[in-house]
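Asker: output the structure for:
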Amino acid sequence: MRWRCDPRQFALILFCLATFLPVSSETAENPASLKLAAQRPGWAGDAACAACHREVSESYSHTAHHLTSQIAGPRSILGSFRPGGNILTISDPSVRPSQPAFYFDMEERAGKFTETAVTGWGKDLLKKTESIDLVTGSGARGQTYLYWQGDQLFELPVSYWRDGNRWVNSPGFVDGTANFSRPVNPGCLECHATYIRPLSSEVTTNSYEKDSLVTGIACETCHGPGAGHVARYAASAARRAELPQDTILNPAKFSRDRQVDACAYCHSGLQREAVAPAFSFVPGKPLTDFFKPLPVAASEHPDVHGNQVGLLERSRCYQSSPSMSCATCHDTHTGEKAAASYSSKCLSCHLWTACGVSKKIGHSIVSNCIDCHMPAETTNVIVSETSGQVVRAKMRNHWIKVYPGG
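Answerer: A predicted model of the protein is given here:
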């Protein structure tokens, strides 16, 4: 038995566009992708997909799913390392003379990026430095950073927050402390990486085979192992006729329940008990083969990663539309659009004149159904307290309904 990553143990900030990562550079950026076939039987790696599906692969390379983890570098880390923007001050003796100086210094030297905690009085300072090795989060709300200590993986105490483009204490870390010992377990990684091999079956392990890491969410995470598909279309026409035809999974052909399960694998919150090892989920299979069913959600508000699927399933739109799924609005191969642009999806079923507010604001209502019926709300779990200031992430509530005051 294992539990999905506890938000108090590991708060990662998700989704939307960040930096450009060309498909053609994937092998150079992520050499582990070449080892994917050896690590996971039947897998081929994204480079093999891009050989025939260049356009969709390049489009996908811009998405939050693809960028949800990256090797640390000048193009993947969004926080500033320039003087004036690379210091996070927690305590300043010139403001609070009774307290020692305490700050974090983010530095870049010869292409290496580090976080250093500094505390003390005058020149009598204590320092602790660790490298930024991995980036998690695509940057829509922010990024959290991880570092290797041998074969163990830990979360760093300073994160980047998109709101204000600033450094903050990593969500869940205690303000005024320098904690470099928060472990990163497999349940945390399976929704932020394609694969990494744990060195222990213990649910709390943070020891891994470093070279097995394949960052981001690869094509085969949703489409299943692709080696057979690649072999079939690389063969001659005569040979191809002898090979199996169903060599790749197409989620669009799944039943609605299985389509939604594929999304719920990572978009149904974290308070869930698994009955299978991390990275064992197979698209098209019932999610209950891998996780115990969740109890009915009592909250109407987003949790740490947002139980988008659970909230969507409570919507009358979903319950009244047998074909409605996450893919009705979201195309995983392209970047997310502005929220208002999804109003056209609403208006494919609903008349704008049926909305009571239409009488007040007229036809302009067609430009934004979303902010009224799927409001963005602050979460009480992705919270950073930094120098006494509390900042909270906003998540889009996927329970589609009429909200008071909307």
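Asker: where do the helices sit along the chain?
Answerer: Along the chain, the stretches classed as helices by DSSP state H are 26-29, 36-39, 46-52, 54-60, 186-189, 219-223, 227-234, 237-240, 256-267, 308-313, 316-320, 343-346, 358-361, 370-373.
Asker: can I get those in a markdown table with distance to Q389, mean pLDDT and mean neighbour count?
Answerer: No exception for glycine: its C-beta is placed from N, CA and C like everyone else's. As requested, the helices of the chain are exported to a markdown table (distance: least, C-beta to C-beta, whole Å; pLDDT from 0 to 100; neighbours: other C-beta atoms under 10 Å):
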| stretch | distance to Q389 | mean pLDDT | mean neighbour count |
| --- | --- | --- | --- |
| helix 26-29 | 35 | 40 | 15 |
| helix 36-39 | 43 | 75 | 18 |
| helix 46-52 | 40 | 91 | 19 |
| helix 54-60 | 37 | 96 | 16 |
| helix 186-189 | 26 | 92 | 24 |
| helix 219-223 | 37 | 96 | 21 |
| helix 227-234 | 51 | 91 | 17 |
| helix 237-240 | 62 | 86 | 9 |
| helix 256-267 | 29 | 95 | 20 |
| helix 308-313 | 28 | 90 | 23 |
| helix 316-320 | 38 | 95 | 14 |
| helix 343-346 | 35 | 94 | 17 |
| helix 358-361 | 36 | 89 | 10 |
| helix 370-373 | 26 | 93 | 18 |
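Asker: which stretch among these comes nearest T119?
Answerer: helix 186-189 (28.1 Å; C-beta to C-beta).
Asker: quick one on the thing from earlier: CSV for the helices of the chain, including distance to V135?
Answerer: Output for the helices of the chain, formatted as CSV (distance: least, C-beta to C-beta, whole Å):
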stretch, distance to V135
helix 26-29, 12
helix 36-39, 20
helix 46-52, 18
helix 54-60, 18
helix 186-189, 13
helix 219-223, 18
helix 227-234, 29
helix 237-240, 40
helix 256-267, 18
helix 308-313, 23
helix 316-320, 34
helix 343-346, 32
helix 358-361, 42
helix 370-373, 29
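Asker: in this protein, what secondary structure element scores lowest on mean pLDDT?
Answerer: helix 26-29 (a mean of 40; mean pLDDT, DSSP states H and E).
Asker: how about low-confidence regions in this protein?
Answerer: Applying pLDDT under 70 to the chain flags residues 1-35, 295-306, 406.
Asker: residue at max distance from the center of it?
Answerer: Relative to the centre of the chain, and counting by C-alpha atoms, centre = their mean, the farthest-placed residue is A238 at 42.9 Å.
Asker: show me the contacts for C263.
Answerer: Going by C-beta atoms under 8 Å, 6 or more residues apart in numbering, C263 touches 308-309, 325-326.
Asker: can you show me the strands along the stretch 1-150 of the chain?
Answerer: Remark: strands assigned in the stretch 1-150 of the chain by DSSP state E, counting those that start in this stretch are 2-3, 69-71, 87-91, 101-109, 112-121, 124-131, 134-136, 142-149.
Asker: out of the ones you listed, nearest to S280?
Answerer: strand 2-3 (11.1 Å).
Asker: the residue lying closest to P283 once chain neighbours are set aside and I248, how far apart?
Answerer: Spatially, and ignoring its direct neighbours in sequence, P283 is nearest to A262 (4.8 Å; C-beta to C-beta, 6 or more residues apart in numbering). Noted for A262: a distance of 14 Å to I248, by C-beta to C-beta, to the nearest Å.
Asker: what's the closest non-adjacent residue to L125?
Answerer: Distance criterion C-beta to C-beta, 6+ apart; nearest residue to L125, sequence neighbours excluded, is V118 at 5.6 Å.
Asker: what about that neighbour, neighbour count?
Answerer: 18 (other C-beta atoms under 10 Å).
Asker: just P404 next, same as before
Answerer: With other C-beta under 10 Å as criterion, P404 counts 4.
Asker: phi, psi for it please.
Answerer: phi -60, psi 130 (degrees, to the nearest 10).
Asker: gap between C191 and Y265?
Answerer: 7 Å.
Asker: one more: L213?
Answerer: 19 Å.
Asker: same deal with L312?
Answerer: For L312, the distance to Y265 - C-beta to C-beta - is 14 Å.
Asker: try I196
Answerer: Counting by C-beta to C-beta, the gap from I196 to Y265 is 16 Å.
Asker: same question for F104.
Answerer: F104 is 34 Å from Y265, by C-beta to C-beta.
Asker: now do G111
Answerer: Distance from G111 to Y265, by C-beta to C-beta: 35 Å.
Asker: same check on C52?
Answerer: Distance from C52 to Y265, by C-beta to C-beta: 26 Å.
Asker: from what I see, S358 and W352 are in contact.
Answerer: Yes: the pair S358 and W352 qualifies as a contact (C-beta atoms under 8 Å) at a distance of 5.7 Å.
Asker: any residues in contact with both of those two?
Answerer: With C-beta under 8 Å, 6+ apart, S358 and W352 have common neighbours I365.
Asker: can you give me the offset of stretch 320-329 from its chain's centre?
Answerer: In this view, stretch 320-329 has its centroid 22 Å away from the chain centroid, taken as C-alpha atoms, centre = their mean, to the nearest Å.
Asker: so E385 touches T177, yeah?
Answerer: No: the criterion here is C-beta under 8 Å, and E385 misses it with T177 at 10.8 Å.
Asker: what about these two, which has more around it?
Answerer: The neighbour count for E385 versus T177, taken as other C-beta under 10 Å, is higher for E385 (17 against 11).
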